[in-house]
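[1] predicted model follows, preceded by the sequence.
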Amino acid sequence: MVQKGIACYFLLYFSIYSSEKRSCLKYKNLEHALVEIEKVCELDLSYQNLDEFPESITKLYNLEILTLNNNRLEEIPSKIKDLVWLSIINLNDNSFEEFPHELKRVPNLEKIYLDNNKIKLIPHDLYKMKKLTTLSLMNNEIEEVPNQLVLANSLESLNLTGNKLLSLPYNFENLQNLRSLYLGNNPNLKLPDSIFLLKNLNRLSLSGIGLEQVPSKIKKLKNLRWLSLGKNKISHIGTDIGEMEWLEYLYINDNHITGIPENFGRLKNLKFLSISRNKMGKVTQEHIRNLFPETQIEY
């Protein structure tokens, strides 16, 4: 009887939970959302020409996903901390010149998107956001990454593409939960060896950072499946790449490469290979085609 009672309890619980999730809706109109506050779990106010963050949004106490991209926002109100279930916020393509510090007070925030703004600094205390897994700051004006960021143990994805980075913290390997790292289009960036100690890294973009050769230590990244080395100044690919048999996606486009190493054919797990806009002749291209008959190749 006890087991039957427990089973009935869980059945009732999940029935109620499922009912609540079915009534949890996405809205694209704030006025409509404010009529049924308890049902709003996602709000999309992108492309609304907003100059100010509508503070009434903070009344949506069940809100989990907030999209405000392509507006003209410069600030976030302090009351955003009232959105205790907010986990994802998209503020891409706005007018932020500073990282909105108010976001640090949102207790369950996991993913922050602030691409295409004018942000110059990453807060030193961002590591205190214990649930933050994704930080995207692509195409801003950031010149340095604070040393304290390596304490952000929960961080899984970091996108710093298209900034003005010159260097990274020397102990970058402390971000051991990092799965995706995008550093492309930082033409003066000097890579620390520590990034090649990120043992869980799955995706790495080093495109457009002025590389003249493939870093030899890159083969230490045993879990890497996606690698972009495009738009650099690489003329020669050594055997290190050929040893990375676990790679599935490789971009070496837009370089000065004329040939491939003899062990290149060991990349048997490749699903996609981009070699376009290099200096390879037709014979080399045909050789690559023969090496990877099942691979999608971009010439």
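    Perfect, thanks for sending it.
[2] now for the residue nearest to L45 when sequence neighbours are not counted, how many residues are close by?
    Among residues not flanking L45 along the chain, L68 sits closest, at 5.4 Å (C-beta to C-beta, 6 or more residues apart in numbering). No exception for glycine: its C-beta is placed from N, CA and C like everyone else's. Counted by other C-beta atoms under 10 Å, the residues lying close to L68 total 24.
[3] please begin residue numbering at 56 from this point
    Renumbered: residue one is now 56, and that last one reads L123.
[4] so how far is L181 from L123?
    Distance, L123 to L181, using C-beta to C-beta, to the nearest Å: 20 Å.
[5] for stretch 346-354, what does the pLDDT average out to?
    In this model, stretch 346-354 has a mean pLDDT of 97.
[6] swap that for stretch 317-331, please
    The model assigns stretch 317-331 a mean pLDDT of 97.
[7] next, the buried residues of it.
    F319, R321, L322, L325, L328, S329, I330 (16 or more other C-beta atoms under 10 Å).
[8] which one is the third one nearest to, not counting chain neighbours?
    If the residues on either side of it in the chain are set aside, L322 comes closest to L302, at 5.7 Å by C-beta to C-beta, 6+ apart.
[9] for the one you found, phi and psi?
    phi -60, psi 140 (degrees, to the nearest 10).
[10] same question, H179
    Main-chain dihedrals, H179, degrees, to the nearest 10: phi -70, psi -30.
[11] can you put the buried residues of stretch 317-331 in TSV and add distance to P348 and secondary structure?
    Listed next are the buried residues of stretch 317-331 as TSV, based on distance: C-beta to C-beta, whole Å; DSSP: H, G, I helix; E, B strand; the rest coil:
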residue	distance to P348	secondary structure
F319	14	helix
R321	15	helix
L322	13	coil
L325	11	coil
L328	12	strand
S329	17	strand
I330	15	coil
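[12] all helices for the protein, in order.
    Taking DSSP state H as the criterion, the chain carries its helices at 57-77, 85-90, 294-297, 337-346.
[13] D309 contacts E353, correct?
    No: judged on C-beta atoms under 8 Å, D309 makes no contact with E353 at a distance of 11.0 Å.
[14] what touches both of these two?
    Taking C-beta atoms under 8 Å, 6 or more residues apart in numbering as the criterion, D309 and E353 both touch S331.
[15] so for these two, which sits in the more crowded spot?
    Comparing D309 with E353 by other C-beta under 10 Å, the one with more neighbours is D309, at 19 against 11.
[16] relative to L252, how far out is the more buried one?
    Distance from D309 to L252, by C-beta to C-beta: 28 Å.
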